[in-house]
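Asks: No sequence on hand, only this structure:
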């Protein structure tokens, strides 16, 4: 596998020289392989959002470098727009960015800016709509007539339509109902599987991250504290709790069982896995107690 | 970013000017702005500059912020002073064809630019040292006599404070939407003027939509808390005049007197 993104000693300071000066990201270095599904977690104000906005050049790092396919994205500041097509960014509550007359036109905004037109553009729009589960009849409606969940999908489709090498989603499921969350998340997973592009998901929901991410970045107070495989990160449940983060409920239950002396492995992420472990214990001893 | 504009921003600090009654500050500013334009010779101009410097220094706001607030209007200052240089009357010092520079023109250019600079500094001094809430409070209290004439003083003040309250929110929103559209490759930095104006449509439409949404939500929230206008409403913070306010009134009065005296006894330069 090859590195798609590499961060070198990346820092960002807000309001330098004012009484409001604040370091949002402090000396972060890491690299992300092509095709990985990365989860980013951390408290509100831990620097996650600032970090991801530096990935596509929306914010210029105070110091340090972002390398995309081995090249510094700020090497040629005039070409920063091209970077934005390669690293697609879906912001929190992206539905507030919709503006066109029809959903289809809005989704086409990004690819049009890239210079696509005609059949190529149409295909990009239709593919993006399919990935996000937007029905065909919605495409000709005004985006302001859609429901909240549909607006969210339309906005995400607008970024997917650019077919970025790296897709960054900042809290894509915030404010959706449980059903909507699950469906949207599965669609993102499906997109990742089909396109084999890198996906970076920022989320407060440990359950969501546990379900989909290969690796996890944990941010705390502007610092990178962990960057490891999902299982490894969640097996450090106590450390996560110390910085005020939770592990998924099922992982917590299994950790507690382990501390009580039961022979279950660390880093259980799903209810299915947990069920297998517990039933295997039952098989050997015939009873749980 | 839009947020970088310093003009009209509140800067919290602990200075005499911050503590002054906002009504006093507002009245003094109005007096000061009038007197700035009543300076006709260098002695009175110097007095005004001295007082501006005094207020700016007493506000304890870093000079950098005052420079930032000047940045916006530096262009206007340059253009108006250049125009004034060529519009003077009297004997020309230098002349090319229809363009002539006179002593009077140079004086006028200096007066115009110094006046504008003092004007901006003095108004920035007010906004840097007075929070928007204090300011609207002061306006409401000062306009109170108008309520007898059935002028909706409270409503106007409420509208003003709501508008001011939403300035940072809308700026933040503008930033966010701009970032989101830039992430989709919106190009706002190149192209001719028509293309640039068009490039703002993807920002303006979502901004309007969300401003209306916020307005509806706020109206509902206010009704839920039984807001029904100004009648019978009391305030948590009341403002009072103190000794420092009277002292500063006297200072501004002295300034006005000084400028008038200078104008009477010294010859006018413009």
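Replies: All right, it came through fine. Being a predicted model, the structure only gives us computed values, none of them experimental. Residues are numbered from 1 along each chain as shown, chains lettered A, B, ... in the order given.
Asks: Any chance you could list what contacts the one helix or strand residue A:186 maps to?
Replies: Element membership for residue A:186, per DSSP states H and E: helix A:178-195. Contacts to helix A:178-195, defined as Cβ atoms under 8 Å, 6 or more residues apart in numbering or on different chains, come from residues A:37, A:131-133, A:149, A:152-153, A:156, A:160, A:163, A:167, A:169, A:172-173, A:176, A:197, A:199, A:201, A:205, A:208, A:211-212. In this view, the C-beta of every residue, glycine as well, is placed from N, C-alpha and C.
Asks: which of these count as buried?
Replies: A:37, A:131-132, A:149, A:152-153, A:156, A:160, A:163, A:167, A:169, A:172-173, A:176, A:197, A:199, A:201, A:205, A:208, A:211-212 (16 or more other Cβ atoms under 10 Å in any protein chain shown).
Asks: In strands only, show me those residues.
Replies: Counted as lying in strands by DSSP state E, out of the buried ones among the contacts of helix A:178-195, are A:37, A:167, A:169, A:199, A:201.
Asks: closest to residue B:144 among the residues you listed?
Replies: residue A:169 (53.0 Å; Cβ to Cβ).
Asks: can you pull the contacts of the nearest residue to the closest one once chain neighbours are set aside?
Replies: Nearest non-adjacent residue to residue A:169, counting by Cβ to Cβ, 6 or more residues apart in numbering or on different chains: residue A:90, 4.6 Å away. By Cβ under 8 Å, 6+ apart, residue A:90 lies in contact with A:155, A:156, A:159, A:167, A:168, A:169, A:170, A:172.
Asks: go with 10 Å
Replies: A:52, A:97, A:152, A:155-160, A:164, A:167-172, A:188, A:201-202, B:180, B:183-184 (Cβ atoms under 10 Å, 6 or more residues apart in numbering or on different chains).
Asks: Now the residue of the stretch 51-200 of chain B found nearest chain A. Its backbone dihedrals?
Replies: Nearest to chain A, among the residues of the stretch 51-200 of chain B, is residue B:185, at 3.3 Å (Cβ to the nearest Cβ). As for residue B:185, its main-chain torsions (degrees, to the nearest 10) stand at phi 90, psi 10.
Asks: Would you confirm that it contacts residue A:108?
Replies: No - if you go by Cβ atoms under 10 Å, residue B:185 and residue A:108 don't touch, sitting 11.5 Å apart.
Asks: So for these two, which sits in the more crowded spot?
Replies: residue A:108 (22 against 19; other Cβ atoms under 10 Å in any protein chain shown).
Asks: what angle do the helix holding residue A:186 and strand A:166-170 make?
Replies: Angle, helix A:178-195 to strand A:166-170, by axes from the mean of the first three to the mean of the last three Cα atoms, to 10 degrees: 170 degrees.
Asks: Now do helix A:178-195 against strand A:198-202, angle only.
Replies: Using the same axes, to 10 degrees: helix A:178-195 against strand A:198-202 is 160 degrees.
Asks: what distance separates helix A:178-195 from the middle of the whole chain?
Replies: 12 Å (Cα atoms, centre = their mean, to the nearest Å).
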